[in-house]
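Novice: output the structure for:
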Amino acid sequence: MSVLKVALIGCGGFVRHTHLANLTGHEQFQIYAAVDIDLGAAQSIAEASGAAYWTDDADRAISDPAVDVVFIATPHHNHADLTIRAARAGKHIYCEKPMGLNEEECQAVAAAIQEHGVQYLAGYNRAVAPFTLQARALLASLQAPMLIYHRIADWNPYGTSWMIDESLSGGRVIGEGGHALDMMCRLAGQDPVRVYAEGGNFAAPSPTGAPDSAVITLGFPDGSSGVLYLSSVGNNAFPKEEVQITCANHTIVIYGFERMEVYSPGGQETFTLPAMDKGLRAMLDQAAAVFLDGAPSPTGIPEALRATRITFAAVRAIRTRQLQAL
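Specialist: Modelled structure (predicted):
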C-alpha cells in the first residue's frame, strides 16, 4: 500500500488535538516534516509522530523531494500563500479552511492549482461526516424543498488569540461559519442564490469589529432556505452544535454529530455513534483516494470557492445590512 509523506505546516493546538492522531493512525499517511514558526511546537509534533525532521522554514519542507503532500493548518492568512507555493512545487495539498481571506486570494489559489495540475482538498470535514452523508441520502430521495437550521453557539470561543484579528483569521463567520454554510449547500443539493445576515462583534473585541455572532440566511433556487445561528455569547454548559432539517413530512435532527433522530410518516428512528464524528478521519480517507488514485475531491476548488464566496457575502451583509446576491 502506498504511503504519502506529509509536510505538516502548522503545529498548534488544533493539530495536536485533532489532526495528529488521525494522521499518525492512518496507514496511508506519514508525517515526514513538521513545520512551525515556533520550533518547540514543531519539535513536539515531530517527536510525537516520528517525523524525519522539524523546521521553521516552510520552503525547506515544501521543496523537499521526499514530500508528497503539504498539509496546511496555520492561521488563516497564510493559507493562500502556502497553497500557491506548494502547488508551484508540484505537491498535493490538504488545506484547512478557508482557502483564502478575500476573493483575490481564492482566485489565485484556484489558478495555481489548475496551472500546476496538483490535487487540492479544503478542510470542510463536515461534508463527509457520517450523519451528513446519511441525511443527504434521505433528503435526496425526498426531492422536495427544505428548511435547514444549524446552531453553533458557545462562550467567546475565540478569546484573545489570533482568531479575533480579522487580518489573520477573517473572523469567526469566515473561519468557522463556513463549515455550516458549506454543509447547508450539500444538504440542499444546490448552490444558494442569496444571502442575508445580521450580527456583529458581540464577544471579545476585534481590532476591526469582525463579526463573531450572526444569524445568516441562505436562499436556494428551489425555495429551500438555510439559517445559521452562530453565537460567541452562549453558555458552554449547553451543547454547542445542532442541525435540524424539515422536508416533506420528515424532520431530521443531528445532535453534536454524535446522535441523529429521524421523524417520518413511518415513525421515529435514532442513530448513534460511539463518539462525536465531524468527518475528520473520513476526510483523510477521501484525501488518500484523491492524491493516490485521482478520485474526485469532495471539497475541491469549486466547493472551497463556494464556501468562501458565501462567507464573504455574509460578512458584507452584516456590515451593510443589505441582501447579497450570489
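
Novice: any stretches of the stretch 1-150 of the chain with poor pLDDT?
Specialist: Counting by pLDDT under 70, the stretch 1-150 of the chain contains low-confidence residues at 1.

Novice: can you show me the strands along it?
Specialist: 4-9, 29-35, 53-55, 69-72, 92-95, 120-122, 147-153 (DSSP state E, counting those that start in this stretch).

Novice: switch these over to JSON lines; also include mean neighbour count and distance to Ile174.
Specialist: Heads up, the C-betas are built off the backbone N, CA and C, glycines and all. Formatted as JSON lines, the strands of the stretch 1-150 of the chain follow (neighbours: other CB atoms under 10 Å; distance: least, CB to CB, whole Å):
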{"stretch": "strand 4-9", "mean neighbour count": "25", "distance to Ile174": "20"}
{"stretch": "strand 29-35", "mean neighbour count": "25", "distance to Ile174": "24"}
{"stretch": "strand 53-55", "mean neighbour count": "19", "distance to Ile174": "29"}
{"stretch": "strand 69-72", "mean neighbour count": "26", "distance to Ile174": "16"}
{"stretch": "strand 92-95", "mean neighbour count": "26", "distance to Ile174": "14"}
{"stretch": "strand 120-122", "mean neighbour count": "27", "distance to Ile174": "13"}
{"stretch": "strand 147-153", "mean neighbour count": "20", "distance to Ile174": "13"}
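
Novice: can I get those in TSV with distance to Leu181?
Specialist: Compiled in TSV, these are given as follows (distance: least, CB to CB, whole Å):
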stretch	distance to Leu181
strand 4-9	26
strand 29-35	28
strand 53-55	35
strand 69-72	21
strand 92-95	18
strand 120-122	13
strand 147-153	8
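
Novice: who wins for proximity to Val315 among those?
Specialist: For Val315, the closest of the strands of the stretch 1-150 of the chain is strand 147-153, at 16.0 Å, according to CB to CB.

Novice: who touches the helix or strand just after the closest one?
Specialist: Note on strand 147-153: by DSSP states H and E, the next helix or strand toward the C-terminus is helix 166-169. By CB atoms under 8 Å, 6 or more residues apart in numbering, the surrounding residues in contact with helix 166-169 are 75-77, 101, 158, 162-163, 175, 206-208, 210.

Novice: could you identify which of these has the most neighbours?
Specialist: Neighbour count (other CB atoms under 10 Å) singles out Ala210 as the most crowded of the contacts of helix 166-169, with 26 neighbours.

Novice: okay but that residue is in contact with Met163, surely?
Specialist: No. Between Ala210 and Met163 no contact is recorded; they are 9.2 Å apart, counting by CB atoms under 8 Å.

Novice: now for the two: what residues contact both?
Specialist: 169, 172.

Novice: how close does the residue most central in space within the chain sit to His19?
Specialist: With distances taken as CA atoms, centre = their mean, the residue of the chain nearest its centroid is Tyr124 (2.9 Å). Using CB to CB, to the nearest Å, Tyr124 is found at 15 Å from His19.

Novice: got the confidence number for the residue of the chain positioned farthest from its centre?
Specialist: The C-alpha centroid of the chain is most remote from Gly266, which lies 34.4 Å away (CA atoms, centre = their mean). Listed pLDDT for Gly266 reads 96.

Novice: with Leu284 instead?
Specialist: For Leu284, the model assigns a pLDDT of 97.

Novice: same deal with the one 5 residues further on?
Specialist: On pLDDT, Ala289 comes in at 97.

Novice: where does it fall, phi/psi-wise?
Specialist: phi -70, psi -40 (degrees, to the nearest 10).

Novice: cool, and Asp68?
Specialist: The phi/psi pair for Asp68 (degrees, to the nearest 10) reads phi -100, psi -40.

Novice: and it, what is it in contact with?
Specialist: When contacts are counted by CB under 8 Å, 6+ apart, Asp68 touches 4-6, 91-92, 291.

Novice: how is this protein carved up into domains?
Specialist: With domains defined by automatic domain parsing, the chain comprises 4-125+281-297, 126-279+309-325.

Novice: ranking these by burial, who's on top?
Specialist: With neighbours taken as mean count of other CB atoms under 10 Å, those reach their highest mean count in domain 4-125+281-297, at a mean of 20.

Novice: quick one: end-to-end distance for that domain.
Specialist: Using CA to CA, to the nearest Å, the span of domain 4-125+281-297 from its first residue to its last is 17 Å.

Novice: so how far is that domain from its chain's centroid?
Specialist: Chain-centre distance of domain 4-125+281-297: 14 Å, with CA atoms, centre = their mean, to the nearest Å.

Novice: kindly report the same for stretch 244-252.
Specialist: Worked out by CA atoms, centre = their mean, stretch 244-252 lies 25 Å from the chain centre.

Novice: this completes my enquiry, with thanks.
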